[in-house]
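# How does the following fold in three dimensions:
(one chain, ligands or ions: 1)
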Amino acid sequence: MNIIEVQNVTKKYSNHLALDNISLAIQKGVVYGLLGPNGAGKTTLIRILNQITAPDSGTVLFNGNPISRKDIEKIGYLPEERGLYKKMKVGEEAMYLAQLKGLSKQEALERLKYWFIKFEIQNWWNKKVEELSKGMQQKLQFITTVVHRPDFLILDEPFSGLDPINTNLIRQELLELKKQGTTIIISTHNMASVEEICDEICLINKAHKILEGNLAEIKQRFKENVFSLTLNSERAIPAFPDKFSVMETSSSANQHYYVVKVQDGGSANQLLQFVMEYGNVLAFNEVLPSMNDIFIQQVNNSTIQQ
Ligand code: ADP
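Next comes the predicted model:
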């Protein structure tokens with residue numbers, strides 16, 4: 001079952017085409033990465049999903065029906081531009097935003113207490129928002145995005161401005177929300193996070209969708225017969241046959257590490273047989289391309305083709 005279906009959506013700003021006939025579907029319960037270089041059209045699509053702006057043509061379905069204002073309370077949105085009232089006290093602001101999402105005062109207080117304890121930020125309650133650092137404000141805004149337990153979360157660059165510890169914290173929370181059944185669409189340039197939390201991705205470039213699908217399948221699709229291996233032997237392998245191109249190598253004591261691309265006509269088994277002649281093979285693994293590499297390669301290819 002798809003929670004979101006974007007069907008042939010086009011959006012133009014004066015003369016600039018921001019989205020050109022984009023279609024995509026997001027299954028319930030997945031973490032969906034919306035990727036693309038700056039200016040690709042991601043924010044425009046997110047704003048359409050949030051009904052902040054309307055498409056010029058095309059349709060968005062939410063749970064199978066055209067999306068409407070009543071769906072807003074089922075959606076949690078963390079915008080890239082963080083809009084907190086800086087002069088308010090943290091607790092007051094959190095209460096205000098939680099009640100704006102339809103929670104009663106009592107519910108808002110209970111749930112915020114839960115989150116403030118969980119994030120160990122109880123002592124922020126009476127501080128002014130402006131006293132918080134950018135990263136701290138972001139944590140607060142994350143809480144106010146999820147406090148009403150939306151079915152569908154839209155997060156625009158949720159990790160920007162966060163240190164590694166808080167990035168990890170938010171990542172873990174997103175995985176926890178996913179476990180509870182929340183569907184999450186996340187727009188980010190943080191590819192390590194994409195690798196860790198996304199099930200599906202969609203890559204857009206210059207208003208067009210250029211790649212979509214299951215992350216693990218995409219990595220399989222773009223793999224290039226590359227293997228890493230560790231060999232225990234007194235000396236390094238002096239030379240490899242032409243069908244094995246060594247891309248990387250390092251040695252320490254009796255351990256020799258290689259990353260090797262097997263050219264057409266060669267096989268992983270042949271590589272293994274070859275290196276076994278020189279010592280004990282301690283590790284042998286296929287190397288899949290990183291999402292970072294796939295992103296760069298696909299964006300460059302699609303830009304050249306245009
Ligand atoms: P992304 O989020 O992927 O960086 P955006 O959706 O923000 O991309 O922008 C897509 C394109 O549309 C960009 O070229 C941007 O300059 C343009 N654009 C975005 N918003 C507006 C606007 N309100 N008016 C005019 N052009 C806009």
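
# what's the burial count for residue 131?
12 (other CB atoms under 10 Å). For glycine as for every other residue, the C-beta is placed from the backbone atoms N, C-alpha and C.

# Might you report the residue contacts of the residue nearest in space to the middle of the chain?
A centroid search over the chain (CA atoms, centre = their mean) returns residue 194, at 3.5 Å, as the residue closest to the centre. With contacts defined as CB atoms under 8 Å, 6 or more residues apart in numbering, residue 194 is in contact with 33, 35, 186, 188, 201, 215, 291.

# just the strands in the stretch 151-300 of the chain please.
152-156, 183-187, 200-205, 208-214, 226-232, 244-252, 255-262, 280-287 (DSSP state E, counting those that start in this stretch).

# shouldn't residue 126 be in contact with residue 93?
No. Using CB atoms under 8 Å, residue 126 is not in contact with residue 93; the gap is 11.5 Å.

# These two - which one has more neighbours?
residue 93 (19 against 10).

# in which helix or strand would I find the more buried one?
helix 90-100 (DSSP states H and E).

# and that helix, how far out from the chain's middle?
28 Å (CA atoms, centre = their mean, to the nearest Å).

# Could you do stretch 83-98 as well?
27 Å.

# What are the buried residues along it?
Using 16 or more other CB atoms under 10 Å as the test for burial, stretch 83-98 gives 84, 88-91, 93-95, 97-98.

# Burial check on residue 80, number of neighbours?
13.

# partners of the closest residue to it other than its chain neighbours in the sheet?
Distances taken as CB to CB, 6 or more residues apart in numbering put residue 156 closest to residue 80, at 4.1 Å, once the chain neighbours are dropped. Beta-bridge partners for residue 156, by DSSP bridges, are residue 187.

# Looks like residue 156 contacts residue 43 (just checking).
Yes. Counting by CB under 8 Å, residue 43 is a contact partner of residue 156 at 6.5 Å.

# so what's in contact with these two at the same time?
With CB under 8 Å, 6+ apart, residue 156 and residue 43 have common neighbours 80, 187.

# contacting residues for the residue of the chain most remote from its centre?
In the chain, residue 234 marks the outermost C-alpha relative to the chain mean, sitting 43.6 Å out by CA atoms, centre = their mean. Counting by CB under 8 Å, 6+ apart, residue 234 touches 254, 279.

# List the contacts of residue 64.
So residue 64 contacts 1-2, 5 (CB under 8 Å, 6+ apart).

# Of those residues, grab the buried ones for PyMOL.
Command for PyMOL that selects the buried part of the contacts of residue 64, burial taken from 16+ other CB under 10 Å:
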select buried, resi 2+5
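
# Which one of the contacts of residue 64 is nearest to residue 70?
residue 5 (17.5 Å; CB to CB).

# okay but the closest one is in contact with residue 65, surely?
No. At 10.1 Å, residue 5 and residue 65 do not qualify as touching, with contact defined as CB under 8 Å.

# Pop the domain breakdown of this protein in here.
2-85+143-220, 224-287 (automatic domain parsing).

# I'd like to know which of these is closest to the ligand.
When those are compared by CB to the nearest ligand atom, domain 2-85+143-220 sits nearest the ligand, at 3.2 Å.

# now the closest one, how far from the centre of its chain.
That offset, for domain 2-85+143-220, works out to 9 Å (CA atoms, centre = their mean).

# Stretch 243-251 now?
With CA atoms, centre = their mean, you get 31 Å for stretch 243-251.

# Residues of the chain that sit close to the ligand?
Contact residues (CB under 6 Å from any ligand atom) of the chain with the ligand: 13, 16, 18, 36, 38-44.

# want to throw the residues you listed into a markdown table with neighbour count and pLDDT?
Converted to a markdown table, the residues of the chain next to the ligand look like this (neighbours: other CB atoms under 10 Å; pLDDT from 0 to 100):
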| residue | neighbour count | pLDDT |
| --- | --- | --- |
| 13 | 10 | 94 |
| 16 | 10 | 92 |
| 18 | 23 | 96 |
| 36 | 24 | 94 |
| 38 | 7 | 92 |
| 39 | 13 | 92 |
| 40 | 23 | 94 |
| 41 | 24 | 95 |
| 42 | 25 | 95 |
| 43 | 20 | 93 |
| 44 | 22 | 95 |
